[in-house]
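A.B. asks: sequence-free structure coming up:
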């Protein structure tokens, strides 16, 4: 394998990892939004039905517990309104799709890399590098990046990571 092929495979591996990392981050925000919404709904209904049907004979429940539950619902609603997990989920999903498009652009280029003298190789490589550089970057939680790295590694599709700078261990 020549250097161009190795470089393109390394790019594909990195992009594949970022693609999965953003998908995992998107799923996290989707689940977060769902859990906050369901929790708010359940807690709100508990408070509403408790006031509607006065079967609780303990005054401390109505004086302390129900206001506390209402306060928690207000916090959850405010958190969801300001953090906007649905929007973050969609942003990460779209970014993951952008990485996937770039990875698919590299695949046919990898076939050209078998001939390093091919003039089209350099032009296409610069185009892909330009696309990659223009993508917005978003923070991905380290656990999702590690999960993505393990998933991509499990495909046994890419050679070992290229190490341009040796470790001093």
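C.D. replies: Looks like it arrived, so ask away. Just so we're clear, the structure is a prediction, and the values are computed from it rather than from any experiment. Numbers count the residues shown, from 1 in each chain.

A.B. asks: OK, contacts around residue 132?
C.D. replies: Residue 132 is in contact with 11, 15, 102, counting by Cβ atoms under 8 Å, 6 or more residues apart in numbering. For glycine as for every other residue, the C-beta is placed from the backbone atoms N, C-alpha and C.

A.B. asks: That one and residue 77: what is the separation?
C.D. replies: 39 Å (Cβ to Cβ, to the nearest Å).

A.B. asks: do the same with residue 41
C.D. replies: From residue 41 to residue 77 the distance is 11 Å (Cβ to Cβ).

A.B. asks: One more: residue 29?
C.D. replies: In terms of Cβ to Cβ, residue 29 sits 17 Å off from residue 77.

A.B. asks: higher neighbour count, these two?
C.D. replies: residue 29 (20 against 14; other Cβ atoms under 10 Å).

A.B. asks: Which residue is the nearest non-sequential neighbour of that one?
C.D. replies: residue 89 (3.6 Å; Cβ to Cβ, 6 or more residues apart in numbering).

A.B. asks: Which helix or strand contains the one you found?
C.D. replies: helix 85-112 (DSSP states H and E).

A.B. asks: Which strands and helices lie in contact with the longest helix along the chain?
C.D. replies: Longest helix in the chain, counting residues (DSSP state H): helix 3-52. For helix 3-52, the elements it packs on are helix 66-83, helix 85-112, helix 119-134, helix 142-154, judged by 3 or more Cβ pairs under 8 Å, 6 or more residues apart in numbering; DSSP states H and E.

A.B. asks: Okay, buried residues for the second one please.
C.D. replies: For helix 85-112, burial by neighbour count (16 or more other Cβ atoms under 10 Å) applies to 85, 88-89, 91-93, 95-96, 98-100, 102-103, 105-106, 109-110, 112.
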